[in-house]
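J.: Return a 3D structure for these sequence lines:
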Amino acid sequence: EQSTMKVSSISSICTFAHLITRGFCLPWPVSTTYNSIDLDASVNFMIEMMGAEEIEPNITISDCDATMSWVRMPGSGYEFHFISTPSLATPNFSFPDYVEYVDSWYGNLSEVTASSYTQFMDFHVGMITDDITPYYETLLDNNVPFFMVGQYPSFFDLFVEIPGTGAILELTSQTLTIPNVTISEWDICQVNATESPPSSAPPLKINNVETDTSSSSVLFRNKKKKTESLPQLNWRKTTFAAPHPADAEAFSISFLGAVHTEQGHPGVWTRHCAKIAWSEFEEIGPAGIPYQFHFVDGYKYPPYAPNMNIVDFAEYEVESRNFKDDQWDEWANNRLSMWVDDLTPYLNMLNTFNPSDDAPLYPFQPEYIIRKW
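T.: Sure, this is the predicted structure:
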């Protein structure tokens, strides 16, 4: 997918070595797109709290009720695209229902700890910055709920929800100059959890619910005042809540040219509380690090049965999808966009792939859809 950023600078990362060894250039992350039930709140949050700049979408929409708003992060050029497509709403459980559902499990993010993290928080984009302090202060000064976790060996992670999306944004840094801030270490196995799951979590079946609105959504309506003097945010990773992390990693390796990298949460396998798989790309990004995919099945943390968890949600998405017949769906609006110089070799891999071959790394037949714009 093409971004509004200049492609000449992206093309320069396609090194001679990659062309010789692989025959094509590896993908370069350019944007994340999110469904939003409140475009103004989503965009204004990114402008005011994250220092983004609003830009004009370069997609023309006709004969459709879709609306969209885009922002770009200064310096790194990474973009966030927010879209609303009411006509694509699935009948039994649509995107507004999803936001209401996950928000009911998130609760007040200021009260979340490393021991009360939920499965749906694993859908998040990770950005990295030299100093997280200005973001901490800006969110605190504007009464925006967020929580922090200590990351091995010396990093700070800040988690905040983008209003209207149900999506978490993760900021990472080695610098936080606020004294006396209590930050717990990751507790993926939640051995220190004391909170019980919310008794009021809605069931999977919700029809035509009028969702508006978290308090943060209301907070960021009709405002577009950019917060000054925020350090540059660079892309770092995308984390996916994944029922089958190993298969997801195998997909990124087989079809996108990623390579395996060791996941950074030791102990989760032996303690049987989560499945985690990481992969990364070889090009070095603006922060001096490669882009990573993190796939996580945190099956020991909420939501608990009989409530919908990420396995149930993934099954629902798959049932709603029909790429084979060239049909777009509202869940495909949530996506990562990566730039490539030429789609042809990727299409060739998808078209010639045979999962019945001896011991394929990825044992499923992938489906895809193509759009020109």
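J.: Am I right that residue 30 is in contact with residue 76?
T.: No. With contact defined as C-beta atoms under 8 Å, residue 30 does not count as touching residue 76 (10.2 Å). All C-beta atoms are positioned from the backbone trio N, CA, C, and that covers glycine.
J.: low-scoring pLDDT stretches of the stretch 201-350 of the chain, where are they?
T.: 201-228, 266-267, 269-270 (pLDDT under 70).
J.: what ranges do the helices span in it?
T.: 215-219, 245-256, 310-320, 344-352 (DSSP state H, counting those that start in this stretch).
J.: pLDDT score assigned to residue 356?
T.: What the model reports as pLDDT for residue 356 is 78.
J.: Count the neighbours of it for me.
T.: Neighbours of residue 356 under the rule other C-beta atoms under 10 Å: 7.
J.: Relative to residue 364, how far out is it?
T.: Counting by C-beta to C-beta, to the nearest Å, the gap from residue 356 to residue 364 is 11 Å.
J.: likewise residue 149?
T.: Taking C-beta to C-beta, one finds residue 149 at 33 Å from residue 364.
J.: same deal with residue 277?
T.: 15 Å.
J.: same thing with residue 347?
T.: 17 Å.
J.: Show me which of residue 277 and residue 364 is the more surrounded one.
T.: Legend: neighbour count by other C-beta under 10 Å for residue 277 and residue 364, higher for residue 277 (22 against 12).
J.: shouldn't that one be in contact with residue 264?
T.: No. Using C-beta under 8 Å, residue 277 is not in contact with residue 264, being 11.7 Å away.
J.: Pairing partners for the longest strand seen in the chain, with directions?
T.: Longest strand of the chain, by residue count under DSSP state E: strand 275-284. Using DSSP bridges, the strands paired with strand 275-284 are strand 259-261 (antiparallel), strand 290-297 (antiparallel).
J.: among those strands, which is nearest residue 336?
T.: strand 290-297 (8.7 Å; C-beta to C-beta).
J.: Next, the buried residues of stretch 149-162.
T.: Applying a neighbour-count criterion of 16 or more other C-beta atoms under 10 Å, one finds 149, 151, 155-162 buried in stretch 149-162.
J.: When you compare pLDDT across these, which one is lowest?
T.: Among the buried residues of stretch 149-162, pLDDT bottoms out at residue 151, giving 73.
J.: I'd like the distance between the spatially closest residue to that residue that is not a sequence neighbour and residue 333.
T.: Among residues not flanking residue 151 along the chain, residue 157 sits closest, at 4.9 Å (C-beta to C-beta, 6 or more residues apart in numbering). Using C-beta to C-beta, residue 157 is found at 26 Å from residue 333.
J.: what do you get for residue 244?
T.: Counting by C-beta to C-beta, the gap from residue 244 to residue 333 is 23 Å.
J.: Neighbour count: the two, which is higher?
T.: residue 333 (20 against 16).
J.: got the contact list for that one?
T.: 33-35, 83, 85, 88, 95 (C-beta atoms under 8 Å, 6 or more residues apart in numbering).
J.: For residue 94, see how far away it is.
T.: Per C-beta to C-beta, residue 333 is found 12 Å from residue 94.
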